[in-house]
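Colleague: give me a model of this one.
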Amino acid sequence: MAKNKSRKAAAAPPKPKNWFQRRSKAQQSALIVGGTFAAVGGHFLLWGAVIPAVGKVVGRIPVVSTVVGWLFAGAAFAAIGVLLINEKAPEDTRKRLKWVAGVWGAVALLCIPSGFANGVVLPTDYWAGVYAGAYGVVMVPLVFIAGALLLTLGAKVLKREKGPTETGFGWVLVAYSFLLLIWGSSLLRL
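Modeller: From the prediction side, this is the model:
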């Protein structure tokens, strides 16, 4: 009998449902449809009003305008990378990093270029930063594949028993973020 009590005490309580799962099916559907409309509207708002307005402010300062343009989408990879690098940080720190990475990631997704976005006229340096980040979002599947291959190869060369870690992927994303900044500040202007 004592063994049964210890087994019951050792069993973890069921995990509570998250915010979305506590909603009814109709509310979940409405949230998904509303979120989709908000994303499409946010894309047009970002490319039609926000990005051009910021471009007018910073467009005359070449280095600053490239970095500010890169911040919209390119720096989201650095934010996600910093979150992954800090996998062993205290929970409250990780929670804040998750919020920063989530919000910045959402803005980065809104920056994916479309036909409408390609028609927006921006100062050259600012355009280079914006498009480096925006096309970086489009190329991210290739980055994940290449990063996984590089980390796995590196683990084999260094004869590590463990494969790629969250920290390794975090450093790949930070490096990718800065590679996008370099691409925007140099190669896109050729």
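
Colleague: just the CA coordinates for the longest helix along the chain, please, in CSV.
Modeller: The longest helix of the chain (DSSP state H) is helix 62-85. Extracted in CSV, the C-alpha atoms of helix 62-85 (Å, rounded to 0.1, in the frame of the first residue of the first chain):
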residue,chain,number,x,y,z
PRO,A,62,24.2,56.3,-44.7
VAL,A,63,25.4,53.9,-42.0
VAL,A,64,22.6,54.7,-39.6
SER,A,65,20.0,54.2,-42.3
THR,A,66,21.3,50.8,-43.2
VAL,A,67,21.4,49.6,-39.6
VAL,A,68,17.9,51.0,-38.9
GLY,A,69,16.6,49.3,-42.0
TRP,A,70,18.2,46.0,-40.9
LEU,A,71,16.6,46.3,-37.4
PHE,A,72,13.1,45.5,-38.8
ALA,A,73,13.8,41.9,-39.7
GLY,A,74,17.5,41.2,-39.6
ALA,A,75,17.9,41.8,-35.9
ALA,A,76,15.1,39.4,-35.1
PHE,A,77,17.5,36.6,-35.8
ALA,A,78,19.9,38.0,-33.2
ALA,A,79,17.1,38.2,-30.7
ILE,A,80,16.1,34.6,-31.3
GLY,A,81,19.8,33.6,-31.2
VAL,A,82,20.3,35.3,-27.8
LEU,A,83,17.3,33.5,-26.5
LEU,A,84,18.8,30.1,-27.6
ILE,A,85,22.2,31.0,-26.3
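
Colleague: show me the shaky parts of the chain.
Modeller: Scanning the chain for pLDDT under 70 picks out 1-10, 160-161, 163-164, 187-190.

Colleague: now with 80, please.
Modeller: The chain contains residues with pLDDT under 80 at 1-12, 117-118, 147, 151, 154-165, 187-190.

Colleague: can you map out the helices along it?
Modeller: 2-10, 25-45, 51-58, 62-85, 91-110, 115-118, 124-138, 140-157, 166-185.

Colleague: out of the ones you listed, which is closest to Lys17?
Modeller: helix 25-45 (11.8 Å; Cβ to Cβ). Just so you know, the C-beta spots here come from the backbone N, C-alpha and C atoms, and that holds for glycine as well.

Colleague: so which other helices or strands are in contact with the closest one?
Modeller: helix 91-110, helix 115-118 (3 or more Cβ pairs under 8 Å, 6 or more residues apart in numbering; DSSP states H and E).

Colleague: before we move on, the earlier item: any idea of the angle the longest helix of the chain forms with helix 51-58?
Modeller: Interaxial angle of helix 62-85 relative to helix 51-58 (axes from the mean of the first three to the mean of the last three Cα atoms, to 10 degrees): 120 degrees.
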